[in-house]
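# For reference, the sequence and a predicted model appear below.
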Amino acid sequence: MDDRAPSGDGTVLAQATVDTSGWLPATVPGTVPASLVDQGTYWRYREPSAMQALNSVQQTRISASVTSPGASAGGDGRRQVTATVRNRGAAVAAMVRLSLLDARSGARVLPTLYDDNYLWLLPGESRTPTLSFPQSALSSGDPELHVEAYTARPPPPARDRFAGQPPGQPGRPLDRR
């Protein structure tokens with residue numbers, strides 16, 4: 001018997017210690033062509049105790065980057081960044097949580113609105129959520145993306161390699177240091 005659990009496209013999700021047959025990638029298309037209402041990976045299980053199997057899933061690797069803050073389209077004094085989070089390992093990255101921090105003080109940028117968070121990423125999968133926050137909440141102008149996941153060691157924080165230069169230049173990447 002093969003000890004690997006393939007996803008729908010044949011990608012190996014995890015070793016046999018966890019039954020991954022219940023993991024289902026799903027998308028919910030919007031009413032406008034090319035729009036998306038929801039995207040996620042869902043784990044079907046019969047008993048809540050089955051969730052304990054996550055404790056034996058092999059650790060995976062995730063990476064993250066974030067763009068420099070730009071003004072939001074709403075003209076409401078909010079800024080926004082786009083994060084890219086990728087599962088670079090061979091197992092599912094479960095419950096990936098993003099937090100936006102001020103890189104200079106280490107304080108969380110609050111309130112931050114995330115259009116996607118607490119992600120489940122299959123091997124090789126990436127997501128690109130948008131984060132928005134009041135301009136006054138990031139006084140340093142130097143954002144840092146903190147990423148943690150139940151089945152992965154956290155990557156180094158994604159930080160602005162252009163620190164000290166004026167923020168808000170669209171498309172300038174923030175690289176991990």
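Structure received. Residues are numbered from 1 along each chain as shown.

# quick check: domain ranges of the chain?
4-56, 60-159 (automatic domain parsing).

# Which of those domains has the highest mean neighbour count?
domain 60-159 (a mean of 18; mean count of other C-beta atoms under 10 Å). C-beta coordinates here come from the backbone N, C-alpha and C atoms, glycine included.

# re the thing from before, how about a markdown table for the domains of the chain, with mean pLDDT added?
As requested, the domains of the chain are exported to a markdown table (pLDDT from 0 to 100):
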| stretch | mean pLDDT |
| --- | --- |
| domain 4-56 | 63 |
| domain 60-159 | 91 |
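
# In this model Glu144 seems to touch Arg159, though I could be wrong.
Yes. Between Arg159 and Glu144 there is a contact at 4.9 Å, judged by C-beta atoms under 8 Å.

# Name the helix or strand for Arg97, please.
strand 93-102 (DSSP states H and E).

# Put the alpha carbons of that strand into CSV.
Extracted as CSV, the C-alpha positions of strand 93-102 are listed here (Å, rounded to 0.1, in the frame of the first residue of the first chain):
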residue,chain,number,x,y,z
ALA,A,93,0.3,24.0,6.0
ALA,A,94,-2.6,24.1,8.5
MET,A,95,-4.1,27.2,10.1
VAL,A,96,-1.6,29.7,8.7
ARG,A,97,-2.2,33.0,10.6
LEU,A,98,-1.0,36.4,9.4
SER,A,99,-0.4,39.4,11.6
LEU,A,100,0.8,42.8,10.5
LEU,A,101,3.4,44.4,12.9
ASP,A,102,5.2,47.7,13.0
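
# following that strand, which helix or strand comes up?
Assigned by DSSP H and E, the successor of strand 93-102 is strand 113-114.

# partner strands of that next one, parallel or antiparallel?
strand 130-134 (antiparallel) (DSSP bridges).

# Convert the partner strand to PDB, retaining C-alpha atoms only.
Backbone C-alpha positions of strand 130-134 (Å, rounded to 0.1, in the frame of the first residue of the first chain) are rendered in PDB as follows:
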ATOM      1  CA  THR A 130      -4.900  42.000   1.000                       C
ATOM      2  CA  LEU A 131      -4.500  43.700   4.400                       C
ATOM      3  CA  SER A 132      -5.800  47.200   5.100                       C
ATOM      4  CA  PHE A 133      -5.200  49.400   8.200                       C
ATOM      5  CA  PRO A 134      -5.600  53.100   9.300                       C
END
